[in-house]
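Student: Please find the sequence and the predicted model below.
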Amino acid sequence: MAAADSHSSALRRRDLCSRAIRLAGKMRADVVDLLDTYVERQGLDASASVAAVEGVPLAAVERWDEQTSTQRLLENLAAYRAFRALLAQMLEEQREQLGEADAGLGRALAAVLLQVSAFTYHLEELLRLESRGIPGEEEEEEEEDGPPPPPRLSIFEQKLRGLGVLRELAQWAVRSARDLRQLAKPSAASGTAPGLAESP
């Protein structure tokens, strides 16, 4: 019975990873397209330098191959919860600034927000399979998760922050696909650091 349960969990894990990898690939492609549109519509320089986005862990990480499966999932979950809140804020600001004047950009932002929400759900399901508690799950029942609302920025600062959010989301989509491929390997089921046994 235990063996059957273990096999079922392994199949469920691979299925979730496979679907999440496909979603990460689509999300990155859509974010790259959105970045081009965003820069054009907001009148920004595509090469503009922006500060790190507060509340979002950087996709780049040292000793990536030494992370456990749980560490990977928790870092991904923290990042996408933050993205979910930041994209919702961007969408609200976009509507305040342009109203219906640029509905296309608003629809593209809303579509990416839906993808981020779906990806967050996949991460939470994977954590449940790991038999780990999901950080902030109880609080989410009472209030929206994610970082606290950022301080009110000028319109130009909002545009730059939005550029930074989309750039970092594109980077996270790449890292997430890489993390999930590692998690889908049989050796990752134990939660050990896969890099100690094999290269990513």
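Tutor: The structure has been received and is ready for your questions.
Student: Count the neighbours of the nearest residue to residue 43 once chain neighbours are set aside for me.
Tutor: Excluding its sequence neighbours, the residue lying closest to residue 43 (Cβ to Cβ, 6 or more residues apart in numbering) is residue 159, at 7.9 Å. Quick note: C-beta positions are derived from backbone N, CA and C, even for glycine. Residues lying near residue 159 (other Cβ atoms under 10 Å) number 23.
Student: just the one 3 residues further on next, same as before
Tutor: For residue 162, the number of neighbouring residues by other Cβ under 10 Å comes to 26.
Student: Do you know the pLDDT at it?
Tutor: According to the model's per-residue confidence, residue 162 sits at a pLDDT of 92.
Student: do the same with residue 136
Tutor: Confidence per residue is given as pLDDT, and for residue 136 that number is 64.
Student: again, but for residue 42
Tutor: According to the per-residue confidence, residue 42 scores 87 in pLDDT.
Student: From what I see, it and residue 157 are in contact.
Tutor: No - distance between residue 42 and residue 157: 11.8 Å, which falls outside the contact criterion (Cβ atoms under 8 Å).
Student: So for these two, which residue has more residues nearby?
Tutor: Neighbours were counted for residue 42 and for residue 157 using other Cβ under 10 Å; residue 42 has more, 19 against 14.
Student: Give me the phi and psi angles of the spatially most central residue of the chain.
Tutor: In the chain, the centroid-proximal residue (Cα atoms, centre = their mean) is residue 80; its distance is 3.3 Å. Backbone torsions for residue 80, taken as degrees, to the nearest 10, come to phi -70, psi -30.
Student: distance of it from residue 184?
Tutor: The spacing between residue 80 and residue 184, counted by Cβ to Cβ, to the nearest Å, is 18 Å.
Student: Please apply the same query to residue 89.
Tutor: When distance is defined by Cβ to Cβ, residue 89 is 33 Å away from residue 184.
Student: And for residue 84?
Tutor: 24 Å.
Student: Check residue 17 too.
Tutor: With Cβ to Cβ as the criterion, residue 17 and residue 184 are 4 Å apart.
Student: do the same with residue 103
Tutor: For residue 103, the distance to residue 184 - Cβ to Cβ - is 38 Å.
Student: now do residue 166
Tutor: When distances are taken as Cβ to Cβ, residue 166 and residue 184 turn out to be 27 Å apart.
Student: Name the helix or strand of the chain that has the lowest mean pLDDT.
Tutor: Using mean pLDDT, DSSP states H and E, the weakest-scoring helix or strand in the chain turns out to be helix 137-140, at a mean of 52.
Student: Next secondary structure element downstream of it?
Tutor: Sequence-wise, the next helix or strand beyond helix 137-140 is helix 155-183, with elements assigned using DSSP states H and E.
Student: Among residue 103 and residue 184, which residue is more densely surrounded?
Tutor: Between residue 103 and residue 184, residue 184 has the larger neighbour count (other Cβ under 10 Å), namely 19 against 12.
Student: residues in contact with that one?
Tutor: 13, 14, 17, 18, 21 (Cβ atoms under 8 Å, 6 or more residues apart in numbering).
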